[in-house]
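S.K.: sequence unknown, structure follows:
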């Protein structure tokens, strides 16, 4: 169970920074474009991460897994939003838009929605968490985080 929890944290970390990296230039160009892309691209990224987490949940009660995933993803989003908007960008006023709260609600509900829709498929595709899965998530998350920080610090624009 500990390995799975670490895996959920790492894929949440990776998806958070990947989504911010993907959205950085469109959002910098036009806020409405950024919000639109966030509402269309991010659900698929988070759904994929949630599906991976549910697929590797070590117990049979997927609702319990969905609850744990939703709490971890929400906690990560709250902390990393503060880091990204508050500490890195010094732009907390940009964080608390209605879309941010919709996003938090989405992260809470998504695991349950996926369990309801894909319960049988998730159960059939069950697998165990591997160390390599955790390492891949950490590397991709750190790479996205690092690239995004460089773009911000070096003020790279399109």
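M.R.: Cool, the structure landed. Computed from a predicted model, the values in this text were never measured in an experiment.
S.K.: shaky segments in this structure?
M.R.: Within the chain, no stretch has pLDDT under 70.
S.K.: all helices for it, in order.
M.R.: 2-29, 31-55, 62-81, 98-124, 131-153 (DSSP state H).
S.K.: ok, which of these comes nearest residue 90?
M.R.: Of all the helices of the chain, it is helix 131-153 that lies closest to residue 90, at 10.5 Å by Cβ to Cβ. Glycine gets a C-beta too; all of them are placed from N, C-alpha and C.
S.K.: which neighbouring elements make contact with the closest one?
M.R.: helix 2-29 (3 or more Cβ pairs under 8 Å, 6 or more residues apart in numbering; DSSP states H and E).
S.K.: how far away from the center of its chain is the helix it packs on?
M.R.: How far helix 2-29 lies from its chain's middle: 4 Å, per Cα atoms, centre = their mean, to the nearest Å.
S.K.: quick one, that helix and helix 62-81 angle?
M.R.: Angle of helix 2-29 versus helix 62-81, following axes from the mean of the first three to the mean of the last three Cα atoms, to 10 degrees, is 50 degrees.
S.K.: and helix 2-29, what other elements does it pack with?
M.R.: Under the contact definition 3+ Cβ pairs under 8 Å, 6+ apart, helix 2-29 sits against helix 31-55, helix 62-81, helix 131-153.
S.K.: how about a markdown table for the ones you listed, with mean neighbour count and distance to residue 18 added?
M.R.: Shown next, in a markdown table, are the helices and strands packed on helix 2-29 (neighbours: other Cβ atoms under 10 Å; distance: least, Cβ to Cβ, whole Å):
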| stretch | mean neighbour count | distance to residue 18 |
| --- | --- | --- |
| helix 31-55 | 17 | 6 |
| helix 62-81 | 18 | 12 |
| helix 131-153 | 15 | 5 |
